[in-house]
Every structure is written in structure tokens, then in C-alpha cells.
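> 3D model of this:
(2 chains)
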Amino acid sequence: NAGVTQTPKFQVLKTGQSMTLQCAQDMNHEYMSWYRQDPGMGLRLIHYSVGAGITDQGEVPNGYNVSRSTTEDFPLRLLSAAPSQTSVYFCASSRTEAYEQYFGPGTRLTVT
Amino acid sequence: AQTVTQSQPEMSVQEAETVTLSCTYDTSESDYYLFWYKQPPSRQMILVIRQEAYKQQNATENRFSVNFQKAAKSFSLKISDSQLGDAAMYFCAYRSEDGGSQGNLIFGKGTKLSVKP
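Numbering: from 1, shown residues only, chains lettered A, B, ... in the order given. Just a heads-up that it's a prediction; the model follows:
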């Protein structure tokens, strides 16, 4: 099993550009989440999904969009990048809410 | 809403010694899960240990153990025989037993652990 994979590992965007962060898992997990990590802030939830076709907002959803067309994939879209979105982004998955989440390696995004 | 507090932004320990990282949380729920994650410089989030709130016995994983005090809402991590590879950020996290948005992790802000040779 590859676990949770994320691409790209690093990305630099200009303000106003859009892009999609990819996340995939091969463990047949129902739960998938996106977090962002900022210095001194821990990890904060952006969006999550409890299964294919079902998504919902987390703590900091503004400026991001998600969809879940398959169990395996959960892409995160930045609609119009802003410097405030400079961060490290983690995707995570778990079987259900009762189990620990497994994290991808993260994507470091810089918006100039 | 639940919150998780790690009051020690940084800690330091001598190699082979023992160190305890503190974590407190606030919740009105009776059933939940608590976790400690380790984040080394590679930035990969690695699960260290988990505790179910309904279990009175403290979880243990090799050199890592927790002191879970449910009434006090405290969940500290003890690392015994510290090794250089233990140097990392450590995050305490809470997860509700309920589904939906409550099924996601709520993190503390982390404790940076340094290990001195």
C-alpha cells in the first residue's frame, strides 16, 4: 500500500492563480480531510469528506473548494490564490471516525 | 467546541533521560479519542500513540506512554530513554466519537522537543 499520497510536494503560485492539490489513498478509507499547518497554529481543518459524493467545510474553508467523486481521491482547489494561503497542506484519511488518521507527506505552498 | 492546549512550546531532554509533554483539553463529551502525533523535520505526521476515553488503562507503545486523567482532562506523553531520533514537534489531538465534522482531529499548537547528546 502506498498509503496517502499528495502531489506536488512544493508549489509556488502568483496571487490570483488557481491550482489543485492532489490527494489519493489506497486503503479504502471513507474519511478524508484537508488540513493546513501554519507556524504556531498547529493544524487546522479546511474541508473534509465522509464518503464519495459527500463533503463539508471545516474551520478555515474560505478560498478552497473540494470534491469527492471516488473513494480514493480528494483534491483541494485554490480558486484564486492569496498570500494568506501560503502554508503547508496535509491530506489525511481514516476508516471511520473511530480510527486514527493517516497523513500524506504534505505540500508546501508559497503564494507571492 | 472542543479545544486542545499544549502549554509547553519547547522542551529539551538529555539523551537517555525521560521527558513528559503536557496536553489538556476541553470537552463536554464522555466518549472520544486522544492522540499524540510526531512531526520530524521531514514534516511527515506520524502517529505515536492513541487512547480511547472509555479505557482506564493508560496506553503504552514501547518507550512512549501516556498519563490519561479523564476527570482532569489531561493527556500527557512520557518518552523514556530519549533518543536523538525523538527530536521533533509533538502534537496532541482530540477526536470525537461522533461522526461528521466531529470525526476530524482537533490539534494543539505543538511542543518542539530537542534531544541533547
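
> Tell me which stretches of the chain form strands.
Since no chain was named, I'll use chain A. Per DSSP state E, chain A carries strands over the ranges A:4-7, A:10-13, A:19-25, A:31-38, A:42-51, A:54-57, A:64-66, A:76-78, A:87-94, A:102-103, A:107-111.

> You answered for a different chain; I wanted chain B.
Taking DSSP E as the criterion, chain B carries its strands at B:3-5, B:10-14, B:19-21, B:24-26, B:32-39, B:46-52, B:60-61, B:64-69, B:74-79, B:88-96, B:106-107, B:111-116.

> Can you say which of the ones you listed is nearest to A:Asn62?
Of all the strands of chain B, strand B:106-107 sits nearest to A:Asn62, with 19.1 Å by C-beta to C-beta. Quick note: C-beta positions are derived from backbone N, CA and C, even for glycine.

> list the helices and strands the closest one packs on?
Strand B:106-107 makes packing contacts with strand A:42-51, strand B:3-5, strand B:88-96 when contacts are defined by 3 or more C-beta pairs under 8 Å, 6 or more residues apart in numbering or on different chains; DSSP states H and E.

> At the contact with chain A, which residues of chain B appear?
Contact residues, chain B versus chain A (C-beta under 8 Å from any C-beta of the partner chain): B:4, B:33, B:35, B:37, B:42-45, B:47, B:50, B:91, B:95-105, B:107-110.

> Centroid-nearest residue for chain A?
A:Trp34 (3.1 Å; C-alpha atoms, centre = their mean).

> Which residue, other than its chain neighbours, is closest to it?
Here the nearest residue to A:Trp34 in space, its sequence neighbours aside, is A:Ile46; by C-beta to C-beta, 6 or more residues apart in numbering or on different chains that works out to 4.3 Å.

> do B:Glu10 as well
Nearest one to B:Glu10, counting by C-beta to C-beta, 6+ apart, is B:Lys112 at 4.7 Å.

> May I have the beta-bridge partners of that neighbour?
Beta bridges link B:Lys112 to B:Glu10, B:Met89, judged by DSSP bridges.

> Can you give me the neighbour number for it?
14 (other C-beta atoms under 10 Å in any protein chain shown).

> Please apply the same query to A:Asp26.
Summarising burial for A:Asp26: neighbours were counted as other C-beta under 10 Å, giving 13.

> In contact with it, which residues?
Counting by C-beta atoms under 8 Å, 6 or more residues apart in numbering or on different chains, A:Asp26 makes contact with A:1-3, A:72.

> which among those residues gets closest to A:Asn28?
A:Glu72 (8.1 Å).

> is the nearest residue to the closest one once chain neighbours are set aside in a bridge, and if so with what?
If you skip the residues right next to it in sequence, A:Glu72 has A:Ala24 as its closest partner in space, 5.3 Å away by C-beta to C-beta, 6+ apart. According to DSSP bridges, A:Thr5, A:Asp73 are recorded as the beta-bridge partners of A:Ala24.

> Next, find the distance separating the residue nearest to the spatial centre of chain B from A:Glu72.
Centroid check for chain B by C-alpha atoms, centre = their mean gives B:Trp36 as the closest residue, at 3.1 Å. From B:Trp36 across to A:Glu72, the span is 28 Å (C-beta to C-beta, to the nearest Å).

> Who does the lowest-mean-pLDDT helix or strand in chain B pair with, and is each partner parallel or antiparallel?
The weakest-scoring helix or strand in chain B, judged by mean pLDDT, DSSP states H and E, is strand B:106-107 (a mean of 91). Each strand that pairs with strand B:106-107, with its direction, by DSSP bridges: strand B:88-96 (antiparallel).
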